[in-house]
Structures are given as C-alpha cells and as structure tokens.
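Participant: Next one to model:
(one chain, ligands or ions: 1)
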Amino acid sequence: MVLPFKNEPYKDFTCDCNRKPQLEAIAALEKKYGTTYPLYIDGKDVKAPETFASINPADKDKVVGNFQKANEELAEKAMQAALKAFEWWRFYDYRERANILLKAAHIARRRRYEINAGMILEEGKNWLEADADTAEGIDFLEFYGREMLRLGPNQPVTPFPGENNEFRYIPLGVGLVIPPWNFPWAILVGMSSAAIVTGNTIILKPSSDSPYMGQLFVEIMKEAGLPAGVLNYLTGPGAIAGEYLVKHPKTRFISFTGSKEVGLRIIENAGKTAEGQIWIKRVVAEMGGKDCILVDSEADIDAAVEAVAVAAFGFQGQKCSACSRAIIDEKVYDEFVKKLIPRVKKITVGPTTDTANWMGPVINEKALKNTQSYIEIGKKEGKLLAGGNEVKGNGYFLEPTVFGDVAFDARIAQEEIFAPVLALVKCKDFDDGLRIVNSTEFGLTGAVFTQNRTKIAKAKDHFHVGNMYINRKCTGALVDVQPFGGFNMSGTDSKAGGRDYLLLFMQGKSIAERF
Ligand code: NAD
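Facilitator: So this is what the prediction gives:
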C-alpha cells in the first residue's frame with residue numbers, strides 16, 4: 001500500500017551527522033571534475049562531435065563536467081527513439097509507471113548529499129538551498145507517482161441506461177522537456193517525471209548551465225528501472241536542439257520553464273503547423289516574474305524586513321519567486337529602510353562550499369554583466385542604499401544590492417533582473433500599494449505584510465499573482481501545499497505540484513458501449 005503523500009523534511013546541517021557526509025559528497029564530486037558525460041538516447045550512451053564545459057561559477061577554472069553538444073542529427077535520433085518507445089510505453093500499466101517514480105524517490109533519498117553537492121558546485125547554491133531543491137524533486141516524484149494512481153483508473157461518469165460508459169486519460173505522445181538552470185534538480189525532475197508517469201516519452205534538454213543535474217536524474221531513472229527510449233537526454237545549445245525539436249512535426253507537446261523571451265518564442269514556433277503535423281502542439285510554459293512584498297503601515301516591520309531580505313537575496317535572487325520589489329507604505333518607509341539595510345549588510349558572500357557564506361555566485365559571466373548593467377541603470381533610477389559592487393574571488397560574486405526611492409514604473413521595478421538586486425518603491429497607502437503590485441506584466445508570486453484583516457481580505461481579491469502569501473516571504477512553495485505557477489506573462493497558468501498538473505500531459509477519452 002502506498003502511504004499518503006508527505007513533504008520531504010530538510011537536513012539539519014548543524015548536526016555533524018549531516019555535515020560530514022555533505023562535505024564528503026562535495027569532495028567526491030570535486031575529484032570527478034573534468035569527467036566527460038554522454039548523451040542518453042534509446043537506452044544507450046551516445047557521443048556528439050563536440051563537447052562543452054559546465055563550470056563552477058564560484059571558481060570558474062573548475063570544470064564540473066564536459067557534456068555533449070547535440071546537433072540536429074542526434075536530436076532526430078532522440079525523436080525516433082522516443083516515437084518508437086511511445087508505441088508501448090503508452091500502454092504500460094500506470095501502476096508500474098508510478099512505481100518507477102516512487103523507486104526513483106527512494107534512490108534520490110539515498111543519493112541526497114551527492115545531488116546537493118551537484119547544486120553547490122555547479123550552480124553555487126548554499127547547502128540549505130541545495131537541500132531544499134533536492135527535497136522538492138523527491139516530493140515531485142512521490143506526489144506525481146501517487147497522482148497517477150488516482151488518475152490511472154477510469155474516471156467517474158454519470159450512468160446512462162442501456163450503456164456502459166467509460167472515461168479515461170491517455171497520454172499525448174512525444175514531449176520536449178526544457179527546464180531552467182535555477183532549480184536544476186527539482187524543476188527538471190518535476191517536469192520530466194510528470195510527462196513520463198502519464199505515459200508519454202520525452203526528450204529532455206537541460207540548460208547548458210546545469211547539465212550535471214540532468215545527468216544525475218538520468219542515472220537515477222535508469223537505476224529505478226525506466227525502460228530504454230522513454231527518457232532521452234540531450235545536452236547542447238538551446239537553439240539547435242531546442243528549435244529543431246520545437247518545430248518538429250512529431251513533437252506533440254513542449255513543457256518549458258524559463259524566461260519570458262524564450263517561452264514566447266517557443267509558443268510562437270509551436271503554433272506554426274509543420275508539414276506532416278497532425279495535431280496542435282500543446283505548450284506548458286512557466287516563465288519569469290517581478291515578484292514583490294507589500295509592506296503596509298499596519299505591518300510587523302521586523303518580520304517584513306526579514307522576509308524581504310531572505311526572499312530578495314536567497315540563492316542570489318535567482319528564483320522566479322524572488323522578491324525583486326518591496327512596496328512600502330510611506331508612513332513606515334523610513335523605519336523599514338533603517339532596519340533593512342543593516343540586515344542586508346550582514347549577508348555573507350563567497351563560495352558556498354564554505355557554509356559561512358550565505359550567498360554564492362550568480363550563474364555565469366553573462367548574468368554578472370547583465371546585472372552590472374542593471375545596477376548602472378538603478379543608480380540613475382534610484383538611490384543606492386547597499387551593495388552595487390562585484391565581490392573579489394574567482395567566481396561571479398556580487399554584493400546584495402538595494403535601491404531606494406525607485407518609481408513604480410522604473411525599469412528596475414518592471415523588468416526581471418534575476419539577480420541580487422532589490423528595488424524599494426514607496427506607496428501612498430494600501431490601495432496604492434495594490435495598484436503598484438499589479439503594475440508589471442508578470443503575476444507569479446507576492447506577499448503582503450499587514451495586521452489588518454480587512455486589508456488581508458482585499459489583498460486576497462486584488463493581489464493578482466498565482467502564489468500569494470500573507471505575513472510570510474514570497475519564496476519557498478511546497479509541493480501540493482502551495483501548487484506553483486503564475487499569471488499573465490509568468491506563464492500558461494499551470495500549477496506545478498498541484499492536483500491538476502498531470503492533466504496537462506494527458507487527454508481524455510470517452511468510450512460508450514451500447515448493451
Ligand atoms: P532561459 O529561458 O534562458 O532558458 C530556459 C531553457 O530554455 C534552458 O534549458 C535553455 O537551454 C533553453 N533554451 C534557450 N533558448 C532556447 C530556444 N531558442 N529554444 C528552446 N529552448 C531554448 O531561462 P533560464 O535562464 O534557464 O532560467 C531563468 C528564467 O526562468 C527566469 O526568467 C525565471 O523567472 C524563469 N523561471 C520560472 C519558473 C516558474 O515556475 N515560472 C521557475 C524557474 C525559473
């Protein structure tokens with residue numbers, strides 16, 4: 001019997017029992033630096049003519065691994081393997097498919113420190129952020145496995161005299177799964193496992209900043225008994241494999257998480273019917289955010305300060321849910337700023353192999369340069385209150401940066417920077433604050449701090465985001481506790497880790513038999 005779903009608890013790294021194995025796992029991965037990893041197509045390891053390096057952003061001379069640069073020929077090979085496997089995988093007992101996910105969760109638990117180490121070295125996550133990411137991936141496997149047990153059997157329909165009516169969910173076909181680098185384990189695992197457990201076969205194309213994490217997932221799914229051809233792993237440039245496969249007539253659906261720009265391009269390309277295509281491609285796209293915390297005049301200011309600091313600078317502000325705007329009632333603005341700035345200045349920055357550093361590097365040089373150019377824009381649009389500089393080291397380190405007195409429509413208050421940069425925006429009152437909350441094109445997450453119940457009720461109705469929080473930070477959604485996904489330009493309104501998520505990868509078939 002499968003027990004009810006429960007979220008995976010986090011490791012306590014103040015205990016040597018967790019600290020020691022974590023240090024050992026980091027050292028073990030450092031020893032493997034420079035290893036070359038293959039593609040995985042039709043159950044076989046495959047090489048491409050060229051490779052690329054995935055480096056440690058905290059120590060840019062260190063190559064976490066070399067990965068294959070898949071080209072169109074290899075993308076086609078992956079497509080043919082996935083098409084072939086779909087012919088039998090779609091009829092594979094749904095209970096067996098669910099079992100593979102549950103087994104994978106079990107293996108991931110066993111390899112937890114190794115998975116954490118991957119994110120500490122390849123993405124610069126601190127230990128707690130890495131462990132939360134690993135736990136979320138385990139949650140997705142456990143939750144989607146159970147969800148398939150619920151959705152696999154025939155679904156209820158209203159009886160009709162003289163007929164036997166059935167309603168069942170069937171898979172779609174071959175899917176292209178394109179996750180981002182920032183939750184390189186959890187999101188990759190969630191998107192891939194949802195598509196697989198529902199009976200589809202997939203081509204998984206990870207971000208070139210996080211191919212090692214996809215490699216770990218492939219290893220775990222193999223060990224869990226996933227048959228050859230169901231999961232095909234294709235590393236390489238987004239444009240070659242991504243565009244070729246997005247436009248491919250045999251691609252049935254695309255599951256994407258990433259930036260608005262790439263998401264919209266995929267939606268546009270998927271909307272054009274290719275020669276020989278006999279369906280309308282389904283696109284599930286989860287995209288960017290410009291998330292905020294609204295601090296009311298009747299708020300607990302200390303709690304709001306803590307939430308803003310953690311949500312703005314956790315994982316260097318590189319979460320789609322990160323607080324990049326704090327909107328503060330002018331009556332408490334000065335008090336808020338006075339408390340926030342010393343709190344931000346306490347944040348430590350450096351390689352996260354050392355747990356004394358809470359903030360690590362940004363992901364790559366492009367992100368560093370892009371953030372620096374936004375910091376220059378910020379200096380013109382607001383008052384620099386903290387940070388603004390690069391931090392010495394052999395990685396892409398930036399100080400946590402805060403700009404005050406930013407207009408609600410300034411670029412740094414409207415555009416997703418995806419880095420440790422926070423804009424403080426004053427509002428006249430609560431209603432003005434809500435207007436500013438909703439003034440961007442995004443609608444992913446947000447929080448409100450107030451002790452006033454009338455205002456809480458109003459925010460519940462008017463704060464237009466997919467994930468809204470009250471008197472807590474706007475990051476850290478848990479699987480099936482806060483199903484996750486945003487409105488407007490933040491995506492196609494899906495909810496990862498929610499009870500309707502698997503339906504995005506299936507279609508309903510009604511069968512009526514007259515007696
Ligand atoms: P990105 O858009 O640059 O890349 C995402 C993925 O798309 C990567 O795997 C990349 O290789 C691939 N890609 C790039 N060009 C492509 C193309 N032309 N065709 C097909 N695929 C292509 O995003 P990123 O930098 O990896 O991630 C950060 C972004 O993701 C931020 O905007 C963030 O807000 C967003 N995000 C959203 C959510 C959510 O749930 N809404 C969650 C995490 C991240």
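Participant: From here on, just use CA atoms for contacts and neighbour counts.
Facilitator: OK.
Participant: Strands of the stretch 301-450 of the chain, start to end?
Facilitator: Residue ranges of the strands in the stretch 301-450 of the chain, as given by DSSP state E, counting those that start in this stretch, are 323-329, 383-386, 401-404, 421-427, 445-449.
Participant: Sheet-wise, list the partners of the fourth one with their directions.
Facilitator: Going back to what we said before, that points to strand 421-427. Under the criterion DSSP bridges, strand 421-427 sits next to strand 323-329 (parallel), strand 401-404 (parallel) in its sheet.
Participant: How about the second one?
Facilitator: With DSSP bridges as the criterion, the sheet partners recorded for strand 383-386 are strand 401-404 (antiparallel).
Participant: quick revisit: out of the strands of the stretch 301-450 of the chain, nearest to M148?
Facilitator: With respect to M148, and counting by C-alpha to C-alpha, the nearest of the strands of the stretch 301-450 of the chain is strand 445-449 at 27.6 Å.
Participant: What residues of the following helix or strand past that closest one count as buried?
Facilitator: Helices and strands here follow DSSP states H and E; after strand 445-449, the next one along the chain is helix 453-462. Judged by neighbour count using 16 or more other C-alpha atoms under 10 Å, the buried positions of helix 453-462 are K455, I456, A459.
Participant: still on that earlier bit, mind putting the strands paired with strand 421-427 in JSON lines, mean neighbour count and distance to A312 included?
Facilitator: Converted to JSON lines, the strands paired with strand 421-427 look like this (neighbours: other C-alpha atoms under 10 Å; distance: least, C-alpha to C-alpha, whole Å):
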{"stretch": "strand 323-329", "mean neighbour count": "29", "distance to A312": "4"}
{"stretch": "strand 401-404", "mean neighbour count": "24", "distance to A312": "10"}
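Participant: how about those strands in TSV, adding mean pLDDT and distance to the ligand?
Facilitator: TSV is the format used below for these (pLDDT from 0 to 100; distance: least, C-alpha to the nearest ligand atom, whole Å):
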stretch	mean pLDDT	distance to the ligand
strand 323-329	98	11
strand 401-404	98	19
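Participant: These: which one's closest to G229?
Facilitator: With respect to G229, and counting by C-alpha to C-alpha, the nearest of those is strand 323-329 at 40.3 Å.
Participant: Show me the helices in the stretch 101-250 of the chain, by range?
Facilitator: Assignment of helices within the stretch 101-250 of the chain using DSSP state H, counting those that start in this stretch yields the ranges 112-122, 127-151, 186-197, 211-223, 244-246.
Participant: hang on, the earlier thing: nearest to the ligand, out of the buried residues of helix 453-462: which one, please.
Facilitator: Distance from the ligand was checked for each of the buried residues of helix 453-462 by C-alpha to the nearest ligand atom. The minimum falls on A459, at 21.3 Å.
Participant: give the contact list for the closest one.
Facilitator: Applying C-alpha atoms under 8 Å, 6 or more residues apart in numbering, we find A459 in contact with L434, V448.
Participant: Flag the shaky bits of the protein, pLDDT-wise.
Facilitator: Counting by pLDDT under 70, the chain contains low-confidence residues at 240-241.
Participant: For it, what lies in contact range of the ligand?
Facilitator: 178-182, 206-208, 238-239, 242-243, 257-260, 262, 286-289, 320, 485, 490 (C-alpha under 6 Å from any ligand atom).
Participant: Y244 is in contact with L74, isn't it?
Facilitator: No: applying C-alpha atoms under 8 Å, one finds Y244 not in contact with L74, separated by 10.8 Å.
Participant: Present the buried residues of helix 453-462 as TSV; the columns should include distance to E223.
Facilitator: Compiled in TSV, the buried residues of helix 453-462 are given as follows (distance: C-alpha to C-alpha, whole Å):
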residue	distance to E223
K455	52
I456	48
A459	47
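Participant: re the thing from before, export the helices of the stretch 101-250 of the chain as JSON lines, with columns for mean neighbour count.
Facilitator: Conversion of the helices of the stretch 101-250 of the chain to JSON lines gives the following (neighbours: other C-alpha atoms under 10 Å):
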{"stretch": "helix 112-122", "mean neighbour count": "26"}
{"stretch": "helix 127-151", "mean neighbour count": "24"}
{"stretch": "helix 186-197", "mean neighbour count": "26"}
{"stretch": "helix 211-223", "mean neighbour count": "20"}
{"stretch": "helix 244-246", "mean neighbour count": "22"}
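Participant: For I328, find the nearest of those.
Facilitator: helix 127-151 (27.4 Å).
Participant: So which elements touch that closest one?
Facilitator: Here helix 127-151 is seen to pack against helix 94-110, helix 112-122, helix 186-197 when contacts are counted using 3 or more C-alpha pairs under 8 Å, 6 or more residues apart in numbering; DSSP states H and E.
Participant: how much does the longest one deviate in direction from helix 211-223?
Facilitator: Interaxial angle, helix 94-110 versus helix 211-223 (axes from the mean of the first three to the mean of the last three C-alpha atoms, to 10 degrees): 130 degrees.
Participant: what do you get for the shortest one?
Facilitator: Interaxial angle of helix 112-122 relative to helix 211-223 (the same axes, to 10 degrees): 160 degrees.
Participant: Check the last one too.
Facilitator: For helix 186-197 against helix 211-223, the angle by the same axes, to 10 degrees is 30 degrees.
Participant: pull the CA atoms of helix 186-197 into CSV?
Facilitator: This file holds the C-alpha atoms of helix 186-197, laid out as CSV (Å, rounded to 0.1, in the frame of the first residue of the first chain):
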residue,chain,number,x,y,z
ALA,A,186,13.5,20.0,-8.7
ILE,A,187,12.1,21.6,-11.8
LEU,A,188,13.9,19.2,-14.2
VAL,A,189,12.7,16.2,-12.1
GLY,A,190,9.1,17.5,-11.8
MET,A,191,8.6,18.4,-15.4
SER,A,192,10.2,15.2,-16.7
SER,A,193,8.5,12.8,-14.2
ALA,A,194,5.1,14.3,-14.8
ALA,A,195,5.4,13.7,-18.5
ILE,A,196,6.8,10.2,-18.1
VAL,A,197,4.4,8.9,-15.5
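Participant: I appreciate the help and will end here.
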